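Colleague: Here is my input, please return the structure:
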Amino acid sequence: MATADQVKSLIKAHIEQDDERFKTITLQIAANEARHGHDTFARELKQYAEKIGKGKKNLIRLNNNGNGMFLVTYPSERLSDLVVSSEIQERIERLLIEYRNRHKLQKYGLSNRRKILIEGRPGTGKTFTASVIAAELDLPLYTIQMDKVVTKFMGETSTKLRQIFDNISTSTGVYFFDEFDAIGADRSLDNEVGEARRILNSFLQFIEQDTSDSIIIAATNNQKLLDQALFRRFDDVLHYAMPTSDEVRRLFEIRLGTFDSSFKVSDETIRMASKLSHAEIIRVCDDAIKNSILMNTKIDNVYLLKMLKDRINAYIAKEA
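Modeller: Numbering: from 1, shown residues only. Just a heads-up that it's a prediction; the model follows:
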């Protein structure tokens, strides 16, 4: 069933003749119905959604005008699929609770957490976290294509940032700025030129002024590159680390358990996998599943160890 907020948003989108927003909410409702097993109704809603706005010209809708700044998806991942430390999970749960109860907080003059900075090595779950938050809140995920935003022309990047924040204000969703270093680099670094400083100043101004219902998530592989002024603009900063032994075990159980419930990961496999990131471990699991299907064999620790060693040796060779 559509929530009260979704119904109100549908009516508002209809009054404002905002076809793109109307379509987005319809797809949100369809995704929610599909998760509750109402597949036929969900398919019908998606079919209706595809017809919305056809034959009409979309005005100032950045995610559909061909400029490529946004990649719009409707994730289905759940919080239970995210393997992180208990501290990180608690902070994500707090964000979700505050968002769902944001109107209650507003009655007391308080605002919910909605501007998050995630820092961590590649493959530790930053992008996946954005997908989980979008899915848990039944919101579309807008991934900002930074290579399409940052240009060499003076003033153009700031203009594009303004357009993005206009969309953040008018189309509620989770907005994910990946590789955030591209616009958030420390202004005091010697190699930063004047235009880069203007871009960062623009972002600081836009994010501080933003009071929308959207969630903004920025991700970086190295927080040391970021300007210190950024940190006080975000409601929370999450530091992602390489997986612990317990997290490695959970990754194997989640990824392989649904395919082969009898499989038990060995301690040796866990020790070997602890040298890799979450994403690399998942790739090894997927390779094991594909091999099991193609060769008609059971998944075993011998094959997993071989695949893990191959990946680790590849990194050693690259670093050498």
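Colleague: mind pulling up the phi and psi values for residue 85?
Modeller: phi -70, psi 160 (degrees, to the nearest 10).
Colleague: Give me the pLDDT value at it.
Modeller: Reported pLDDT at residue 85 in the predicted model: 93.
Colleague: now the stretch 101-250 of the chain, which segments are flagged as low pLDDT?
Modeller: 152-154, 182-196, 223, 225, 227 (pLDDT under 70).
Colleague: list the contacts for the most centrally placed residue in the chain?
Modeller: The geometric centre of the chain, computed from its C-alpha atoms, lies nearest to residue 130 (Cα atoms, centre = their mean), at 2.2 Å. Neighbouring residues of residue 130 by Cβ atoms under 8 Å, 6 or more residues apart in numbering: 141, 143, 174, 176, 217, 219. Where C-beta positions appear, they are placed from N, C-alpha and C, glycine not excepted.
Colleague: 6 Å instead, please
Modeller: 174, 176, 217 (Cβ atoms under 6 Å, 6 or more residues apart in numbering).
Colleague: in the helix or strand hosting the last one, what's buried?
Modeller: Taking DSSP states H and E as the definition, residue 217 sits inside strand 215-220. Of the residues in strand 215-220, those scored as buried under the neighbour-count criterion (16 or more other Cβ atoms under 10 Å) are 215-220.
Colleague: Can you give the strand pairings for the helix or strand following that strand, parallel or anti for each?
Modeller: Counting by DSSP H and E, the element after strand 215-220 in chain order, helix or strand, is strand 236-240. Strand 236-240 has the following sheet partners, assigned by DSSP bridges: strand 115-120 (parallel).
Colleague: Follow the chain on from the strand it pairs with and name the next helix or strand.
Modeller: Note on strand 115-120: by DSSP H and E, the next helix or strand toward the C-terminus is helix 126-136.
Colleague: After that following helix, which helix or strand is next? Please name it.
Modeller: Criterion used, DSSP H and E; the element after helix 126-136 is strand 141-144.
Colleague: now the strand holding residue 217 and helix 126-136, what's the angle there?
Modeller: Interaxial angle of strand 215-220 relative to helix 126-136 (axes from the mean of the first three to the mean of the last three Cα atoms, to 10 degrees): 170 degrees.
Colleague: Check which helices and strands strand 215-220 sits against.
Modeller: strand 115-120, strand 174-177 (3 or more Cβ pairs under 6 Å, 6 or more residues apart in numbering; DSSP states H and E).
Colleague: Mind listing what's buried along the first one?
Modeller: For strand 115-120, a neighbour-count test (16+ other Cβ under 10 Å) marks 115-120 as buried.
Colleague: re the thing from before, strand partners of the strand holding residue 217, parallel vs antiparallel please.
Modeller: Strand 215-220 is paired, per DSSP bridges, with strand 115-120 (parallel), strand 174-177 (parallel).
Colleague: hmm, back to that, CSV for the buried residues of strand 215-220, including distance to residue 289?
Modeller: CSV is the format used below for the buried residues of strand 215-220 (distance: Cβ to Cβ, whole Å):
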residue, distance to residue 289
215, 32
216, 35
217, 30
218, 33
219, 28
220, 32
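Colleague: Check those residues against residue 284 and report the nearest one.
Modeller: Closest approach to residue 284 among the buried residues of strand 215-220 (Cβ to Cβ): residue 219, at 23.2 Å.
Colleague: which residues touch that closest one?
Modeller: Residue 219 neighbours (Cβ under 6 Å, 6+ apart): 118, 126, 178, 180.
Colleague: Can you list phi and psi of the third one for me?
Modeller: The phi and psi values for residue 178, taken as degrees, to the nearest 10, are phi -80, psi 160.
Colleague: For stretch 78-96, which outside residues touch it?
Modeller: So stretch 78-96 is in contact with 113, 125, 132, 136, 238, 247, 250-251, going by Cβ under 6 Å, 6+ apart.
Colleague: just so I have it, where are all the helices in the stretch 151-300 of the chain?
Modeller: 156-170, 181-184, 194-209, 245-257, 267-273, 278-295 (DSSP state H, counting those that start in this stretch).
Colleague: among those, which is nearest residue 30?
Modeller: helix 156-170 (21.1 Å).
Colleague: Only alpha carbons, please: show that closest one as CSV.
Modeller: What follows is helix 156-170, C-alpha atoms only, in CSV (Å, rounded to 0.1, in the frame of the first residue of the first chain):
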residue,chain,number,x,y,z
GLU,A,156,30.3,25.4,-15.7
THR,A,157,30.8,22.9,-12.8
SER,A,158,29.3,25.3,-10.3
THR,A,159,26.3,25.7,-12.6
LYS,A,160,25.9,22.0,-12.8
LEU,A,161,26.1,21.7,-9.0
ARG,A,162,23.3,24.2,-8.7
GLN,A,163,21.2,22.2,-11.1
ILE,A,164,21.9,19.0,-9.1
PHE,A,165,20.8,20.7,-5.8
ASP,A,166,17.7,22.1,-7.5
ASN,A,167,16.8,18.5,-8.4
ILE,A,168,17.6,17.4,-4.8
SER,A,169,15.1,19.9,-3.6
THR,A,170,12.3,19.0,-6.1
